[in-house]
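Chemist: can you look at this prediction? I've put the sequence above it.
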Amino acid sequence: MDTYQKVLGYLNSFINYEKKVSFGYKNSFKLERMRFFLEQLNNPQDQFPVIHICGTKGKGSTCACVAYLLRSLGFRVGLYTSPHLVDVRERIRILLPRKEKLRLGKESQRWIDDFEGMISKKELISLVTQLRSKIEYYSANSLYGRLSFFEVYTAVAFSYFKQKKIDVAVLETGLGGRLDATNVVWPAVVGITSISYDHMDKLGNRLSEIAYEKAGIIKEQTGLPVRGSSLIVVSAPQRTSVRRVIHQRCKEKKATLYEIGKDIMITHRTERSFSTKTPWGKFKDIPLVLRGEHQIINTCLGLCLAVAYCCVAKQPFDNSLIASGLSQVRWPCRFEIFPTRPQVIIDGAHNRASAEALKKTLKKYAYRKKIIFIIGISKDKDVKGILKELLPIGEIYIMTKAANTRAIEPQILVDYAKQIYPLSRIYSCSDSRDAYKLACRNASSNDIIVVAGSLFLAAEIRKLLWANKDTN
């Protein structure tokens, strides 16, 4: 394969569960398949320490905080997240210490800034070409079935991180945790973000069931690149049923658990900073780059994971570098504000808990402002729950869909919305471009357009905004 488009075509030839609405979770996700495949690659995932992060919401932003903090302390950090917004290369990134020069491709500087250090097209072509024969042979002969897109790409990420000799990898789980392809690693530190209802048809209808799947990444500490007396687990505040599951898992795996709100206290908070008291010391005036009260928890969790890892790795943690590290954090489509007129806010809130967090943030940020919503939701999400949170804080609602097979039809969203709250100004648009045009026609320069309900929709509108900016 000698072109990037051919590589994309090859990767997309594998089944992609991110684009499927319904499938048998336990039958489709086979951790043994991933383990045995990585053995054919000489287990690249065992060549570097790992910080593994799971949860329902806030995983990506927490991963970003950890990665940028560790980078500021001089680590070569591999960052693996999902899904991507526009380019699949966004998922695999290496953040280098500032003293090392990053070789940039010909991509626009804006995209480089947002997804600093992402694997280059040339490197991805080379890696996939190298691995293709082993991928094909294994898929054809495996007792556990053909590899999926996520499994192949996760193996590519591990191979890339090994090749680049990173110091530590920060990994975001995909769906769940226990059976997720990333769960072949032996983590040095585990982070658990807020766990709430999402993917109930696959992970379970009760929070305790969902928590069981997420907590599956907690393992007894054996065979680690970085060793300690026990695995360190840091958790965001959780509901009682979730805490019970996490506590039990930590007890079984002899892991040491630290909880925000119990062992870690946020002692002072403002809209742009917070202070915290942790088992690793006190930290004052921590800056918040990402907006929203929920980002205080995510940033605090990220800080604690970075500090805990430094303790495990016996590396000094320089408090004076925290502010500079966090100031570099970029995590697009999470209450991302575009200074257009009208102003546009893009948020990938795609479950009820995330929609509730968005609502709280909007009530503070957009106080007494007219809000026009553009909403698109995937079929397998809690559609009514998301709409109940976002109705009726806006004045106009435009229901649309992303160009994704999982997207629910806009008219169905309209019907649901009118059942929940009989507003008169609810419209339907067949695609995101027309939805944005309609929102602009109905907005004055002082109004706010809010895009929510799906990361796929958020990515489309974001790309549209940048295209308009570049042509103006």
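Modeler: Ah, there it is.
Chemist: which of the residues in stretch 131-147 are buried?
Modeler: 131, 135, 138-139, 142, 147 (16 or more other C-beta atoms under 10 Å). For glycine as for every other residue, the C-beta is placed from the backbone atoms N, C-alpha and C.
Chemist: nope, stretch 88-97 is what I meant
Modeler: Within stretch 88-97, the residues scored as buried using 16+ other C-beta under 10 Å are 88-96.
Chemist: again with stretch 439-458
Modeler: Here stretch 439-458 shows 439, 442-443, 447-458 as buried, counting by 16+ other C-beta under 10 Å.
Chemist: now, those that are in strands?
Modeler: Residues of the buried residues of stretch 439-458 located in strands (DSSP state E): 448-452.
Chemist: TSV please, covering these and showing distance to P44 and pLDDT.
Modeler: Shown next, in TSV, are these (distance: C-beta to C-beta, whole Å; pLDDT from 0 to 100):
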residue	distance to P44	pLDDT
I448	46	96
I449	44	97
V450	42	97
V451	38	97
A452	38	96
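Chemist: looking at the buried residues of stretch 88-97, spot the one nearest S327.
Modeler: Nearest to S327 among those: L95, at 13.7 Å, using C-beta to C-beta.
Chemist: can you report how many residues neighbour the residue nearest to that closest one when sequence neighbours are not counted?
Modeler: In space, and not counting its chain neighbours, L95 is closest to R71: 4.0 Å by C-beta to C-beta, 6 or more residues apart in numbering. A count of nearby residues for R71, using other C-beta atoms under 10 Å, gives 26.
Chemist: and the one 5 residues further on, by the same measure?
Modeler: The number of residues packed around R76, counting by other C-beta under 10 Å, is 20.
Chemist: so it touches V170, yeah?
Modeler: No - using C-beta atoms under 8 Å, R76 makes no contact with V170, being 11.7 Å away.
Chemist: and L438, what is it in contact with?
Modeler: By C-beta atoms under 8 Å, 6 or more residues apart in numbering, the residues touching L438 are 398, 427, 429.
Chemist: using a markdown table, lay out those together with neighbour count, distance to F37 and secondary structure.
Modeler: Formatted as a markdown table, the contacts of L438 follow (neighbours: other C-beta atoms under 10 Å; distance: C-beta to C-beta, whole Å; DSSP: H, G, I helix; E, B strand; the rest coil):
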| residue | neighbour count | distance to F37 | secondary structure |
| --- | --- | --- | --- |
| I398 | 28 | 44 | strand |
| Y427 | 16 | 47 | strand |
| C429 | 19 | 43 | coil |
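Chemist: okay if I get the residues you listed as CSV plus distance to V242?
Modeler: Formatted as CSV, these follow (distance: C-beta to C-beta, whole Å):
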residue, distance to V242
I398, 35
Y427, 38
C429, 38
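Chemist: now distance to A357 and pLDDT too, for those residues, in CSV please.
Modeler: Formatted as CSV, the contacts of L438 follow (distance: C-beta to C-beta, whole Å; pLDDT from 0 to 100):
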residue, distance to A357, pLDDT
I398, 22, 97
Y427, 25, 95
C429, 26, 96
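Chemist: against Y436, how distant is M265?
Modeler: To Y436, M265 is 43 Å away according to C-beta to C-beta, to the nearest Å.
Chemist: with neighbour numbers in mind, choose between these two.
Modeler: Y436 (22 against 13).
Chemist: in terms of contact, does the more buried one touch A458 like I think?
Modeler: No - the pair Y436 and A458 does not pass the contact test of C-beta under 8 Å, sitting 11.8 Å apart.
Chemist: where does this protein have low pLDDT?
Modeler: Residues of the chain that meet the criterion pLDDT under 70 lie in 22, 99-113, 222-229, 469-472.
Chemist: got the domain ranges for it?
Modeler: 4-327, 336-471 (automatic domain parsing).
Chemist: end to end, how far does the longest one reach?
Modeler: Put plainly, it is domain 4-327. One end of domain 4-327 sits 33 Å from the other (C-alpha to C-alpha, to the nearest Å).
Chemist: and the next element down the chain from the helix or strand where the residue nearest to L95 lies?
Modeler: Secondary-structure element containing R71, defined by DSSP states H and E: helix 59-72. Next along the chain after helix 59-72, taking DSSP H and E as the criterion, comes strand 77-80.
Chemist: that following strand pairs with which strands, parallel or anti?
Modeler: Partners of strand 77-80 in the sheet, by DSSP bridges, are strand 92-95 (antiparallel), strand 168-172 (parallel).
Chemist: so how far is V190 from K162?
Modeler: Going from K162 to V190 by C-beta to C-beta gives 21 Å.
Chemist: oh sorry, the question was meant for V289
Modeler: Computed with C-beta to C-beta, the distance linking V289 and V190 is 24 Å.
Chemist: who has more neighbours, the two?
Modeler: Using other C-beta under 10 Å, the more surrounded residue of V289 and V190 is V190, with 28 against 17.
Chemist: the more buried one belongs to a strand, doesn't it?
Modeler: Yes - under DSSP: H, G, I helix; E, B strand; the rest coil, V190 sits within a strand.
Chemist: all helices of the stretch 151-300 of the chain, in order?
Modeler: 200-203, 207-214, 240-252, 294-312 (DSSP state H, counting those that start in this stretch).
Chemist: show me what counts as buried in the last one.
Modeler: Read that as helix 294-312. Those would be 294-310, 312, for helix 294-312 by 16+ other C-beta under 10 Å.
Chemist: what does the first one give?
Modeler: Residues 200, 202-203 are the ones in helix 200-203 that count as buried (16+ other C-beta under 10 Å).
Chemist: figure out which of the strands paired with strand 77-80 is closest to K122.
Modeler: Set against K122 and scored by C-beta to C-beta, those come closest in strand 92-95, at 13.4 Å.
Chemist: hmm, who's touching stretch 165-172?
Modeler: 48-54, 59-60, 63, 66-67, 70, 75-82, 94, 161, 182, 185, 188, 309, 313.
Chemist: now which of these would you call buried?
Modeler: The buried subset of those - by 16+ other C-beta under 10 Å - is 48-54, 59-60, 63, 66-67, 70, 75-82, 94, 161, 182, 185, 188, 309, 313.
Chemist: return the distance of the residue nearest the centre of the chain relative to G261.
Modeler: The residue lying closest to the centre of the chain (C-alpha atoms, centre = their mean) is G60, at 2.8 Å. Using C-beta to C-beta, we find G60 at a distance of 22 Å from G261.
Chemist: repeat for A417
Modeler: Using C-beta to C-beta, one obtains 35 Å as the distance from A417 to G261.
Chemist: which one of those two has more residues nearby?
Modeler: A417 (23 against 14).
Chemist: who touches stretch 208-220?
Modeler: With C-beta under 8 Å, 6+ apart as the contact definition, stretch 208-220 has outside contacts at 52, 54-56, 173, 176-180, 182-183, 186-187, 190, 192, 195-200, 203-204, 231, 233, 238, 241-242, 244-246, 249-250, 253-255.
Chemist: give me the buried subset of the residues you listed.
Modeler: Applying 16+ other C-beta under 10 Å to these, the neighbour count classes 52, 54-56, 173, 176-180, 182-183, 186-187, 190, 192, 195-200, 203-204, 231, 233, 238, 242, 245-246, 249-250, 253, 255 as buried.
Chemist: quick one: residues contacting R352.
Modeler: Neighbouring residues of R352 by C-beta under 8 Å, 6+ apart: 196-197, 382, 385-386, 388-389.
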